[in-house]
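> whatever this is, show me its structure:
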Amino acid sequence: MTFSPAETIACSRLIELALDEDLGRRNPAWLGDVTSRTLIIPGVTFGQAAFVARQAGVLAGLPVVPLVLASVVDPNLLTFEPLLTDSAALEPGSRIALVRGPIDSLLTAERTALNFLQHLSGVATLTRRYVEAVAGLPAKILDTRKTTPGWRLLEKYAVRCGGGHNHRMGLYDGILIKDNHLAAMNKVRSIPEAIRIARSTPLPFEIEVDTLDQLDEALAGKPDIVLLDNMPLDQMREAVHRRNVTAPGVLLEASGGVNLDTVRGIAETGVDRISVGALTHSAPALDIGLDYLP
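Numbering: from 1, shown residues only. Okay, here's the model as predicted:
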(Lines give C-alpha, C1' and ligand atoms only; values in the text may rest on other atoms or scores of the structure.)
Protein backbone atom coordinates (compact mmCIF):
# COMPACT_ATOMS: atom_id res chain seq x y z
CA MET A 1 0.00 0.00 0.00
CA THR A 2 1.05 3.58 -0.54
CA PHE A 3 -0.41 7.06 -0.19
CA SER A 4 -2.98 8.48 -2.58
CA PRO A 5 -2.41 12.02 -3.87
CA ALA A 6 -4.83 13.36 -1.24
CA GLU A 7 -3.02 11.49 1.54
CA THR A 8 0.33 12.82 0.32
CA ILE A 9 -0.98 16.40 0.43
CA ALA A 10 -2.40 15.89 3.93
CA CYS A 11 0.89 14.37 5.07
CA SER A 12 2.98 17.20 3.62
CA ARG A 13 0.82 19.72 5.50
CA LEU A 14 1.37 17.87 8.78
CA ILE A 15 5.11 17.56 8.16
CA GLU A 16 5.36 21.32 7.69
CA LEU A 17 3.58 21.88 11.01
CA ALA A 18 5.70 19.27 12.77
CA LEU A 19 8.99 20.75 11.56
CA ASP A 20 7.81 24.28 12.34
CA GLU A 21 7.28 23.36 15.98
CA ASP A 22 10.38 21.15 16.29
CA LEU A 23 12.79 23.56 14.62
CA GLY A 24 11.17 26.81 15.71
CA ARG A 25 10.82 27.95 12.11
CA ARG A 26 8.06 30.45 12.93
CA ASN A 27 10.43 32.28 15.25
CA PRO A 28 12.21 35.14 13.42
CA ALA A 29 15.42 34.17 15.21
CA TRP A 30 15.06 30.44 14.63
CA LEU A 31 18.24 28.38 14.85
CA GLY A 32 16.92 24.95 13.88
CA ASP A 33 18.56 21.84 15.32
CA VAL A 34 21.10 23.60 17.53
CA THR A 35 22.59 20.36 18.89
CA SER A 36 23.42 18.93 15.48
CA ARG A 37 24.60 22.30 14.18
CA THR A 38 26.90 22.72 17.17
CA LEU A 39 28.49 19.27 17.05
CA ILE A 40 28.50 18.42 13.33
CA ILE A 41 29.68 20.50 10.39
CA PRO A 42 26.51 20.85 8.24
CA GLY A 43 26.47 18.86 5.01
CA VAL A 44 29.99 17.48 5.39
CA THR A 45 29.68 14.17 7.25
CA PHE A 46 27.59 11.54 5.46
CA GLY A 47 26.27 8.33 6.98
CA GLN A 48 23.50 5.76 6.91
CA ALA A 49 20.85 4.51 9.29
CA ALA A 50 18.11 1.89 9.44
CA PHE A 51 14.55 2.22 10.69
CA VAL A 52 14.07 -0.86 12.89
CA ALA A 53 11.02 -2.30 14.65
CA ARG A 54 11.51 -2.85 18.38
CA GLN A 55 8.30 -4.85 18.78
CA ALA A 56 5.89 -6.94 16.73
CA GLY A 57 3.21 -5.09 14.81
CA VAL A 58 2.03 -3.90 11.41
CA LEU A 59 3.84 -1.30 9.34
CA ALA A 60 2.03 1.85 8.22
CA GLY A 61 3.23 5.28 7.17
CA LEU A 62 6.45 4.39 5.38
CA PRO A 63 5.78 6.96 2.58
CA VAL A 64 6.08 9.65 5.26
CA VAL A 65 9.80 9.06 5.76
CA PRO A 66 11.13 10.32 2.40
CA LEU A 67 8.74 13.29 2.61
CA VAL A 68 10.15 14.27 6.01
CA LEU A 69 13.73 13.76 4.90
CA ALA A 70 13.20 15.78 1.71
CA SER A 71 11.86 18.64 3.85
CA VAL A 72 15.10 18.72 5.84
CA VAL A 73 17.84 17.76 3.37
CA ASP A 74 18.46 18.36 -0.33
CA PRO A 75 16.84 15.32 -2.00
CA ASN A 76 19.87 15.07 -4.29
CA LEU A 77 21.97 14.27 -1.21
CA LEU A 78 19.54 11.69 0.11
CA THR A 79 19.08 7.99 -0.55
CA PHE A 80 15.96 6.28 0.79
CA GLU A 81 15.72 2.50 0.41
CA PRO A 82 12.51 0.87 1.66
CA LEU A 83 12.98 -2.76 2.67
CA LEU A 84 9.29 -3.45 3.40
CA THR A 85 5.93 -2.05 2.32
CA ASP A 86 3.02 -0.78 4.37
CA SER A 87 0.78 -3.50 5.87
CA ALA A 88 3.82 -5.79 6.30
CA ALA A 89 4.04 -7.76 9.53
CA LEU A 90 6.88 -6.63 11.80
CA GLU A 91 8.88 -8.59 14.34
CA PRO A 92 11.38 -7.20 16.84
CA GLY A 93 14.49 -6.40 14.85
CA SER A 94 12.77 -6.12 11.48
CA ARG A 95 14.56 -3.59 9.28
CA ILE A 96 12.03 -1.32 7.63
CA ALA A 97 14.13 1.03 5.50
CA LEU A 98 17.64 2.40 5.01
CA VAL A 99 18.49 6.08 4.65
CA ARG A 100 21.77 7.68 3.61
CA GLY A 101 22.74 11.34 3.60
CA PRO A 102 24.28 14.14 5.66
CA ILE A 103 24.31 12.99 9.28
CA ASP A 104 23.24 16.38 10.63
CA SER A 105 20.13 16.35 8.43
CA LEU A 106 19.26 12.77 9.35
CA LEU A 107 19.49 13.69 13.03
CA THR A 108 17.24 16.71 12.44
CA ALA A 109 14.61 14.61 10.66
CA GLU A 110 14.76 11.57 12.96
CA ARG A 111 12.16 12.43 15.60
CA THR A 112 9.58 13.83 13.21
CA ALA A 113 9.83 10.81 10.90
CA LEU A 114 9.58 8.39 13.83
CA ASN A 115 6.56 10.21 15.30
CA PHE A 116 4.61 9.62 12.09
CA LEU A 117 5.83 6.06 11.62
CA GLN A 118 5.21 4.99 15.21
CA HIS A 119 1.71 6.48 15.40
CA LEU A 120 0.45 5.15 12.08
CA SER A 121 1.98 1.71 12.67
CA GLY A 122 0.28 1.71 16.08
CA VAL A 123 -3.10 2.32 14.44
CA ALA A 124 -2.46 -0.46 11.90
CA THR A 125 -1.31 -2.85 14.63
CA LEU A 126 -4.37 -2.31 16.82
CA THR A 127 -6.65 -2.65 13.79
CA ARG A 128 -5.02 -5.97 12.88
CA ARG A 129 -5.75 -7.26 16.38
CA TYR A 130 -9.45 -6.48 15.95
CA VAL A 131 -9.52 -8.02 12.47
CA GLU A 132 -7.86 -11.19 13.79
CA ALA A 133 -10.33 -11.31 16.69
CA VAL A 134 -13.26 -11.73 14.26
CA ALA A 135 -11.45 -13.99 11.79
CA GLY A 136 -13.73 -16.52 10.12
CA LEU A 137 -16.84 -14.38 10.61
CA PRO A 138 -18.32 -12.08 7.95
CA ALA A 139 -18.34 -8.91 10.07
CA LYS A 140 -16.05 -6.10 8.88
CA ILE A 141 -14.10 -3.88 11.27
CA LEU A 142 -14.56 -0.16 10.56
CA ASP A 143 -13.09 3.04 11.93
CA THR A 144 -15.03 6.17 12.93
CA ARG A 145 -14.63 9.96 12.80
CA LYS A 146 -12.89 9.85 16.20
CA THR A 147 -9.57 10.84 14.69
CA THR A 148 -6.78 13.27 15.57
CA PRO A 149 -7.55 16.68 14.00
CA GLY A 150 -5.64 16.98 10.74
CA TRP A 151 -4.66 13.31 10.73
CA ARG A 152 -7.89 11.75 9.48
CA LEU A 153 -6.75 10.69 6.02
CA LEU A 154 -3.52 9.22 7.37
CA GLU A 155 -5.13 7.43 10.31
CA LYS A 156 -7.81 5.94 8.07
CA TYR A 157 -5.05 4.87 5.67
CA ALA A 158 -3.38 3.10 8.60
CA VAL A 159 -6.65 1.33 9.43
CA ARG A 160 -6.66 -0.11 5.90
CA CYS A 161 -3.04 -1.19 6.35
CA GLY A 162 -4.21 -3.20 9.35
CA GLY A 163 -6.96 -4.92 7.35
CA GLY A 164 -9.83 -2.73 8.52
CA HIS A 165 -12.30 -0.71 6.48
CA ASN A 166 -13.12 2.98 6.41
CA HIS A 167 -16.44 4.40 7.52
CA ARG A 168 -17.38 7.74 5.94
CA MET A 169 -14.47 10.17 5.76
CA GLY A 170 -16.43 13.10 7.15
CA LEU A 171 -19.77 14.81 7.40
CA TYR A 172 -19.65 15.51 3.67
CA ASP A 173 -19.68 12.04 2.09
CA GLY A 174 -22.42 10.11 3.87
CA ILE A 175 -25.58 10.64 5.92
CA LEU A 176 -25.76 9.21 9.44
CA ILE A 177 -29.02 10.09 11.19
CA LYS A 178 -28.61 10.02 14.98
CA ASP A 179 -30.97 10.72 17.86
CA ASN A 180 -29.89 14.36 18.06
CA HIS A 181 -30.79 14.85 14.40
CA LEU A 182 -34.27 13.45 15.07
CA ALA A 183 -34.64 15.70 18.11
CA ALA A 184 -33.60 18.74 16.06
CA MET A 185 -36.26 18.12 13.42
CA ASN A 186 -38.80 19.94 15.64
CA LYS A 187 -42.28 18.61 14.84
CA VAL A 188 -41.03 15.92 12.48
CA ARG A 189 -39.17 13.47 14.67
CA SER A 190 -40.17 10.12 13.21
CA ILE A 191 -37.68 7.62 11.86
CA PRO A 192 -39.76 6.95 8.70
CA GLU A 193 -39.89 10.66 7.87
CA ALA A 194 -36.16 11.07 8.42
CA ILE A 195 -35.49 8.12 6.08
CA ARG A 196 -37.86 9.56 3.48
CA ILE A 197 -36.00 12.87 3.50
CA ALA A 198 -32.57 11.21 3.41
CA ARG A 199 -33.60 9.08 0.44
CA SER A 200 -34.05 12.25 -1.62
CA THR A 201 -30.24 12.72 -1.64
CA PRO A 202 -27.78 10.75 -3.79
CA LEU A 203 -25.60 9.90 -0.78
CA PRO A 204 -25.60 6.57 1.07
CA PHE A 205 -27.44 6.87 4.35
CA GLU A 206 -27.49 5.19 7.72
CA ILE A 207 -29.77 5.61 10.72
CA GLU A 208 -29.02 4.91 14.36
CA VAL A 209 -31.48 3.01 16.56
CA ASP A 210 -31.42 2.14 20.26
CA THR A 211 -34.33 -0.31 20.51
CA LEU A 212 -35.92 -3.13 18.54
CA ASP A 213 -39.07 -1.05 18.06
CA GLN A 214 -36.97 1.67 16.40
CA LEU A 215 -35.28 -1.03 14.34
CA ASP A 216 -38.64 -2.18 12.98
CA GLU A 217 -39.45 1.39 11.96
CA ALA A 218 -36.08 1.76 10.28
CA LEU A 219 -36.24 -1.56 8.43
CA ALA A 220 -39.63 -0.61 7.00
CA GLY A 221 -37.95 2.33 5.25
CA LYS A 222 -35.06 0.16 3.97
CA PRO A 223 -32.09 2.49 4.56
CA ASP A 224 -28.67 1.39 3.37
CA ILE A 225 -27.44 0.72 6.92
CA VAL A 226 -28.94 0.60 10.41
CA LEU A 227 -26.59 1.37 13.28
CA LEU A 228 -27.36 -0.63 16.44
CA ASP A 229 -26.19 1.67 19.22
CA ASN A 230 -25.07 -0.04 22.46
CA MET A 231 -27.44 -2.96 22.08
CA PRO A 232 -26.86 -6.04 24.25
CA LEU A 233 -25.95 -9.23 22.40
CA ASP A 234 -29.37 -10.86 22.69
CA GLN A 235 -31.01 -7.80 21.11
CA MET A 236 -28.39 -7.75 18.36
CA ARG A 237 -29.18 -11.38 17.53
CA GLU A 238 -32.89 -10.55 17.41
CA ALA A 239 -32.12 -7.50 15.24
CA VAL A 240 -30.27 -9.71 12.77
CA HIS A 241 -33.21 -12.13 12.70
CA ARG A 242 -35.73 -9.35 12.04
CA ARG A 243 -33.51 -7.86 9.33
CA ASN A 244 -33.16 -11.24 7.63
CA VAL A 245 -36.92 -11.71 7.58
CA THR A 246 -38.12 -8.22 6.60
CA ALA A 247 -35.25 -6.38 4.87
CA PRO A 248 -32.38 -8.72 3.93
CA GLY A 249 -30.66 -6.06 1.81
CA VAL A 250 -30.13 -3.68 4.75
CA LEU A 251 -26.73 -3.83 6.48
CA LEU A 252 -26.52 -3.85 10.27
CA GLU A 253 -23.68 -2.10 12.07
CA ALA A 254 -22.85 -2.50 15.76
CA SER A 255 -21.33 0.33 17.76
CA GLY A 256 -20.67 1.06 21.41
CA GLY A 257 -18.99 -1.08 24.04
CA VAL A 258 -16.64 -2.60 21.46
CA ASN A 259 -13.23 -3.73 22.68
CA LEU A 260 -10.96 -6.70 22.08
CA ASP A 261 -12.78 -8.71 24.75
CA THR A 262 -16.25 -8.11 23.29
CA VAL A 263 -15.74 -7.82 19.53
CA ARG A 264 -15.86 -11.57 18.80
CA GLY A 265 -19.17 -11.99 20.59
CA ILE A 266 -20.60 -9.02 18.71
CA ALA A 267 -19.48 -10.46 15.39
CA GLU A 268 -21.07 -13.82 16.26
CA THR A 269 -24.52 -12.18 16.40
CA GLY A 270 -24.43 -11.90 12.60
CA VAL A 271 -24.04 -8.13 12.20
CA ASP A 272 -22.31 -7.02 9.01
CA ARG A 273 -20.15 -4.20 10.36
CA ILE A 274 -18.57 -3.25 13.68
CA SER A 275 -17.33 0.34 14.10
CA VAL A 276 -14.54 0.87 16.63
CA GLY A 277 -13.49 4.36 17.70
CA ALA A 278 -10.49 2.95 19.59
CA LEU A 279 -8.71 2.12 16.34
CA THR A 280 -7.76 5.77 15.94
CA HIS A 281 -8.33 7.47 19.30
CA SER A 282 -6.64 4.91 21.55
CA ALA A 283 -3.96 3.14 19.50
CA PRO A 284 -0.60 3.07 21.32
CA ALA A 285 2.45 4.00 19.28
CA LEU A 286 4.46 1.08 17.95
CA ASP A 287 8.07 1.09 19.13
CA ILE A 288 10.26 1.84 16.10
CA GLY A 289 13.74 3.29 16.23
CA LEU A 290 16.45 4.63 13.95
CA ASP A 291 19.79 2.83 14.28
CA TYR A 292 22.90 4.48 12.87
CA LEU A 293 25.12 2.09 10.91
CA PRO A 294 28.85 2.07 10.21
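
> helices along the stretch 151-294 of the chain, start to end?
Remark: helices assigned in the stretch 151-294 of the chain by DSSP state H, counting those that start in this stretch are 152-161, 179-183, 191-198, 212-221, 233-246, 263-267, 278-281.

> could you tell me the least trusted of the ones you listed?
Here the lowest mean pLDDT among those goes to helix 179-183, at a mean of 83.

> give the other helices and strands that that helix contacts.
With contacts taken as 3 or more Cβ pairs under 8 Å, 6 or more residues apart in numbering; DSSP states H and E, helix 179-183 sits against helix 191-198. No exception for glycine: its C-beta is placed from N, CA and C like everyone else's.

> residues of the helix it packs on that come out buried?
Residues 191, 194, 195, 198 are the ones in helix 191-198 that count as buried (16 or more other Cβ atoms under 10 Å).

> farthest-separated two in these?
Farthest pair in the buried residues of helix 191-198 (Cβ to Cβ) is 191 and 198. Separation: 10.5 Å.

> how about the strands of this structure, start to end?
46-53, 57-58, 79-82, 89-90, 95-102, 140-142, 175-177, 205-209, 225-229, 251-255, 273-275, 288-293 (DSSP state E).

> still on that earlier bit, and which of the buried residues of helix 191-198 is nearest to residue 218?
residue 191 (5.4 Å).

> isn't that closest one right next to residue 216, touching?
No - if you go by Cβ atoms under 8 Å, residue 191 and residue 216 don't touch, sitting 9.4 Å apart.

> pull up the overlap in contacts between those two.
Common neighbours of residue 191 and residue 216, counting by Cβ atoms under 8 Å, 6 or more residues apart in numbering, are absent.

> okay, domains of the protein per the record?
Using automatic domain parsing, the domain parsing of the chain gives 5-132+283-293, 133-281.

> so where's the chain uncertain?
By pLDDT under 70, the weakly predicted segments of the chain are 26-31, 43, 186-189.

> report the buried residues of the lengthiest helix in it.
Counting by DSSP state H, the longest helix found in the chain is helix 103-133. For helix 103-133, the neighbour count (16+ other Cβ under 10 Å) marks 103-110, 112-131, 133 as buried.

> what's the angle between that helix and strand 95-102?
Between helix 103-133 and strand 95-102, the angle comes out at 170 degrees (axes from the mean of the first three to the mean of the last three Cα atoms, to 10 degrees).

> rewinding a little: which of the strands of the chain sits most buried?
Highest mean neighbour count of the strands of the chain: strand 57-58, a mean of 26 (counted as mean count of other Cβ atoms under 10 Å).

> paired strands for it, with orientation please.
According to DSSP bridges, strand 57-58 forms sheet pairs with strand 89-90 (antiparallel).

> distance from the chain centre to the partner strand, please.
Chain-centre distance of strand 89-90: 17 Å, with Cα atoms, centre = their mean, to the nearest Å.

> who's in contact with it?
With Cβ under 8 Å, 6+ apart as the test, strand 89-90 has contacts from 53, 55, 56, 57, 58, 59, 84, 96, 121, 286.

> okay if I get those as CSV plus distance to residue 1?
Formatted as CSV, the contacts of strand 89-90 follow (distance: Cβ to Cβ, whole Å):
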residue, distance to residue 1
53, 17
55, 21
56, 19
57, 15
58, 11
59, 9
84, 11
96, 14
121, 12
286, 16
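
> tell me which two of those sit farthest apart.
Taking Cβ to Cβ, the two most distant members of those are 55 and 84; they sit 15.0 Å apart.

> please name the nearest non-neighbouring residue to residue 208.
residue 227 (4.3 Å; Cβ to Cβ, 6 or more residues apart in numbering).

> next: residue 63.
Residue 63 sits nearest to residue 3 (Cβ to Cβ, 6+ apart), 4.6 Å away.

> before we move on, the earlier item: which among the contacts of strand 89-90 gets closest to residue 243?
Using Cβ to Cβ, the shortest approach to residue 243 within the contacts of strand 89-90 belongs to residue 58, at 32.8 Å.

> how near is the closest one to residue 114?
The gap separating residue 58 from residue 114 is 16 Å, by Cβ to Cβ, to the nearest Å.

> who does residue 292 bridge with?
Beta bridges link residue 292 to residue 49, judged by DSSP bridges.

> contacts only, for it.
47, 48, 49, 103.

> try it again at 10 Å.
Going by Cβ atoms under 10 Å, 6 or more residues apart in numbering, residue 292 touches 47, 48, 49, 50, 103, 106, 107, 110.
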